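> this one's sequence-less:
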């Protein structure tokens with residue numbers, strides 16, 4: 001569907017929001033973007049006036065990806081009145097502590113957080129998301145894993161994402177004290193998205209398939225918490 005997805009960043013020529021998109025946002029009736037746009041990727045920093053224009057025009061988005069040149073502090077307050085279901089946040093500054101305990105994020109079912117691996121503090125506030133069923137964290141601390149598993153009452157999938165060169169069996173040994181069938185270890189592509197990739201949902205599908213197979217006794221040994229080729233999970 002035309003306009004179902006918007007990818008926003010700076011134009012190399014104008015160093016501002018793409019002029020054609022500004023024109024479209026200003027020329028279409030307010031109901032047009034509210035009715036049509038469901039996916040929004042904020043890929044590069046925008047002036048506040050353009051960010052306000054985009055988020056007010058795209059009032060009914062359900063999928064939002066926030067890339068590093070934006071900070072949650074600049075975007076989260078502008079999400080009031082929205083009913084987000086899926087949110088991916090890339091926080092590349094080690095001094096930023098991500099807090100998702102905001103009233104206007106309580107509709108989230110899927111949350112994907114990439115926090116700078118040198119960050120001193122873990123993301124927090126998961127227990128304030130009553131609808132959360134799927135959570136993906138990049139190299140989280142054990143305390144964050146335990147908190148999410150204990151406090152997120154509807155949680156079905158918890159993905160521990162790590163570098164491609166990390167040995168998942170070795171990582172599993174380090175986490176063996178956390179015995180929960182909802183935990184899945186996976187490698188993550190660290191590239192920041194520059195286009196909308198609906199396949200980012202493939203993470204969730206693969207983890208769901210693995211957990212379902214595990215519940216049926218099809219994963220051996222039963223303690224394994226990472227996917228291997230013989231699992232036949234695409």
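Arrived safely. Because the structure is predicted, anything quoted here is derived from the model rather than measured.
> going forward, measure contacts and count neighbours with C-alpha atoms only.
Noted.
> Tell me how many other residues surround residue 159.
Neighbour count for residue 159, taken as other Cα atoms under 10 Å: 25.
> So it belongs to a strand, correct?
Yes - according to DSSP: H, G, I helix; E, B strand; the rest coil, residue 159 belongs to a strand.
> pretty sure it contacts residue 184?
Yes - counting by Cα atoms under 8 Å, residue 159 does reach residue 184; the two are 4.9 Å apart.
> Which residue, other than its chain neighbours, is closest to residue 139?
Among residues not flanking residue 139 along the chain, residue 162 sits closest, at 5.5 Å (Cα to Cα, 6 or more residues apart in numbering).
> pLDDT on stretch 100-119, on average?
Per-region confidence: stretch 100-119 scores 85 on mean pLDDT.
> contact partners of that stretch?
79-97, 123-139 (Cα atoms under 8 Å, 6 or more residues apart in numbering).
> that older thread, list residues touching both of residue 159 and residue 184?
Joint contacts of residue 159 and residue 184 (Cα under 8 Å, 6+ apart) are residue 207.
> what about the strands in this structure?
5-8, 39-42, 63-66, 86-91, 110-115, 134-138, 157-162, 183-187 (DSSP state E).
> Just read off the phi/psi values of the closest residue to residue 36 other than its chain neighbours.
Excluding its sequence neighbours, the residue lying closest to residue 36 (Cα to Cα, 6+ apart) is residue 4, at 5.3 Å. With angles defined as degrees, to the nearest 10, residue 4 sits at phi -70, psi -30.
> Name the helix or strand of the chain that has the lowest mean pLDDT.
Within the chain, no helix or strand scores below helix 19-27, which has a mean of 70 by mean pLDDT, DSSP states H and E.
> in the longest helix that the chain contains, what counts as buried?
Taking DSSP state H as the criterion, the chain has its longest helix at helix 202-215. Under the neighbour-count criterion of 16 or more other Cα atoms under 10 Å, helix 202-215 has 204, 206-211, 214 buried.
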